[in-house]
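[1] Here is a sequence with its predicted model. Questions after.
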Amino acid sequence: MDDDDPEPPAPASWPAVGVVIPARNEADCIGPTIAALDRQDYPGDLVIVVVDDRSTDPTAAIAREMARVASRSVQ
């Protein structure tokens, strides 16, 4: 798509999107990652799934807290 091309029309309905985040000992970045996904302006359903692989740091606790405060579904 060139800058001169017209923007395509919006679809009648937007498909649901799922984002899977594999995480192990990602306490430093899991919060900002979930927050960035939560801020997306995608008009359809967006579900964020965090898969914690037995982290030994607070990754899971941070992900749970982000799920509590996020406007989108975080599982």
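    Received, thanks.
[2] The one residue sitting closest to the centre of the chain and Asp4, how far apart?
    Residue closest to the mean C-alpha point of the chain, counted by C-alpha atoms, centre = their mean, is Leu37 at 3.5 Å. Here the criterion is C-beta to C-beta, to the nearest Å. By it, Leu37 lies 32 Å from Asp4. C-beta: built from backbone N, CA, C; applies to glycine.
[3] all helices for this protein, in order.
    30-38, 59-69 (DSSP state H).
[4] what angle separates the first one from helix 59-69?
    Read that as helix 30-38. Comparing the axes of helix 30-38 and helix 59-69 via axes from the mean of the first three to the mean of the last three C-alpha atoms, to 10 degrees yields an angle of 30 degrees.
[5] Now helix 30-38: average pLDDT?
    Helix 30-38 carries an average pLDDT of 97.
[6] which helices and strands sit right next to that helix?
    Packing partners of helix 30-38 (3 or more C-beta pairs under 8 Å, 6 or more residues apart in numbering; DSSP states H and E): strand 17-23, strand 46-52, helix 59-69.
[7] Can you add distance to Gln75 and give the helices of the chain back as CSV?
    Below are these laid out as CSV (distance: least, C-beta to C-beta, whole Å):
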stretch, distance to Gln75
helix 30-38, 11
helix 59-69, 7
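[8] Quick one: closest of these to Pro15.
    helix 30-38 (16.4 Å; C-beta to C-beta).
[9] neighbouring strands for the lowest-mean-pLDDT helix or strand in the chain, and are they parallel or not?
    Least confident helix or strand, the chain: strand 73-74 with a mean of 89, by mean pLDDT, DSSP states H and E. As defined by DSSP bridges, the strand partners of strand 73-74 come to strand 46-52 (parallel).
[10] What lies in contact with the partner strand?
    By C-beta atoms under 8 Å, 6 or more residues apart in numbering, the surrounding residues in contact with strand 46-52 are 16-24, 30, 34, 37-38, 40, 59-60, 63, 67, 70, 72-75.
[11] Okay, buried residues for it please.
    For strand 46-52, burial by neighbour count (16 or more other C-beta atoms under 10 Å) applies to Leu46, Ile48, Val50, Asp52.
[12] Understood, closing this out.
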